[in-house]
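1. Coordinates only, no sequence provided:
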């Protein structure tokens, strides 16, 4: 073989793998946008993806951006995900959904929110979302009344209940407060309102408990509180007040009780929808799902520390009892 032909052959064989690699499809990237500092949503979404044939690192990549409880960071984080050329954005929480929606009208967004997605302007209707958003809604305001009922069952002699809520939550503050007032009136409780929209205000609210001396505390559902579940659990024990919250992590961290939607299952439903979009379906055609699977968790250790004997019917109904 002549020298010129030999060099041509070597050059062609070296170029072939590069051309082949260039033709291989790139792995789709799913972006996660969350108000929370910890990616609690990711595990559930991974499960839903896995059930549909998508495994992180094998045929799908994941980019997570958490705002660490600061809503002002969400727009920049959403813009960063778009710059990463994600195929789908998973938005966790109402603030994150709003930020993602403001950032793009073309990239599909799969949300979970406790707000009414139609009233919030996320979708045109639940059955036919239209646009680039769809997802899962969770029960929040609807279960506040149940929290008061469970505290009545746990502490039958209670007459005064404190209610902690975030008045600055644009989509949930009004319906949550309405449900709390209706439940307190129905059950004959005197209602003491505590408000908090910042870390400092949470500390101030608990400082007031010592002078108010309520028989129990209902913590209204809000992402500000969910992101601080461990801290809230510790504060309720420190101030010796029987309390209930909607997030399982509250009871697991030492709070007396939690009752609310099984978030892991809600996130799994999100993952299934993400997979369907990756396979070619459009969010406009995917009806908004309703997560209705709820769980009651009772912490017997905390009950004992508070001097409470948990009624057998209550512990018997619990999905999980922490001993």
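-> Right, received. Where do you want to start? Just so we're clear, the structure is a prediction, and the values are computed from it rather than from any experiment.
2. Who are the packing partners of the strand or helix carrying residue 269?
-> Taking DSSP states H and E as the definition, one finds residue 269 inside helix 263-278. Where contact means 3 or more Cβ pairs under 8 Å, 6 or more residues apart in numbering; DSSP states H and E, helix 263-278 is packed against helix 40-51, strand 88-92, strand 109-113, strand 133-138, strand 289-291. C-beta here means a position set from N, CA and C on the backbone, and glycine is covered the same way.
3. Sketch out the helices for the stretch 151-300 of the chain, chain order is fine.
-> For the stretch 151-300 of the chain, the helices defined by DSSP state H, counting those that start in this stretch cover 173-187, 199-212, 223-226, 229-238, 248-252, 263-278, 300-305.
4. Which one of those has the poorest average confidence?
-> Mean pLDDT is lowest for helix 223-226 out of those, coming in at a mean of 86.
5. sorry, back to before: out of the helices of the stretch 151-300 of the chain, which is closest to residue 284?
-> helix 263-278 (10.6 Å; Cβ to Cβ).
6. what does the closest one rub up against?
-> Under the criterion Cβ atoms under 8 Å, 6 or more residues apart in numbering, residues 28, 30, 40-54, 60, 87-88, 90, 92, 108, 110-112, 134-136, 138, 247-248, 283, 286, 289, 291, 293 lie in contact with helix 263-278.
7. Emit the PyMOL select command for whichever of the residues you listed are buried.
-> With 16 or more other Cβ atoms under 10 Å as the criterion, this PyMOL line picks the buried residues out of the contacts of helix 263-278:
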select buried, resi 28+30+40+41+42+44+45+46+47+48+49+50+54+60+87+88+90+92+108+110+111+112+134+135+136+138+247+248+283+286+289+291
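8. My guess is residue 74 contacts residue 35. True?
-> Yes. Between residue 74 and residue 35 a contact is recorded at 7.0 Å, counting by Cβ atoms under 8 Å.
9. Now for the two: what residues contact both?
-> Here residue 74 and residue 35 share the contacting residues 67, 95-96, scored by Cβ under 8 Å, 6+ apart.
10. Please indicate which of those residues are buried?
-> Restricting the shared contacts of residue 74 and residue 35 to buried positions leaves 67, 95-96, with burial counted as 16+ other Cβ under 10 Å.
11. Sitting in helices, which of these do you find?
-> Using DSSP state H, the members of those that fall within helices are 95-96.
12. ok, so of the buried ones among the shared contacts of residue 74 and residue 35, who is nearest residue 177?
-> Distances from residue 177 to these, taken by Cβ to Cβ, are shortest for residue 95, at 18.9 Å.
13. is it true that residue 249 touches residue 228?
-> No. Judged on Cβ under 8 Å, residue 249 makes no contact with residue 228 at a distance of 10.0 Å.
14. The closest residue in space to residue 63 that isn't next to it in sequence pairs with what?
-> Distance criterion Cβ to Cβ, 6 or more residues apart in numbering; nearest residue to residue 63, sequence neighbours excluded, is residue 31 at 4.9 Å. Residue 31 forms beta bridges with residue 63, residue 89, as assigned by DSSP bridges.
15. could the buried ones among the shared contacts of residue 74 and residue 35 be laid out in JSON lines, adding pLDDT and distance to residue 221?
-> Listed next are these as JSON lines, based on pLDDT from 0 to 100; distance: Cβ to Cβ, whole Å:
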{"residue": "67", "pLDDT": "87", "distance to residue 221": "18"}
{"residue": "95", "pLDDT": "90", "distance to residue 221": "14"}
{"residue": "96", "pLDDT": "93", "distance to residue 221": "16"}
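16. Nearest to residue 305 among the buried ones among the shared contacts of residue 74 and residue 35?
-> residue 67 (33.8 Å).
17. closest one to residue 216 among the helices and strands packed on helix 263-278?
-> Short answer: strand 133-138, nearest of the helices and strands packed on helix 263-278 by Cβ to Cβ, at 23.7 Å.
18. how far out from the middle of the chain is that closest one?
-> In terms of Cα atoms, centre = their mean, to the nearest Å, the centre of strand 133-138 is set 11 Å apart from its chain centre.
19. List the strands paired with it, with their directions.
-> Counting by DSSP bridges, strand 133-138 is paired with strand 109-113 (parallel), strand 289-291 (parallel).
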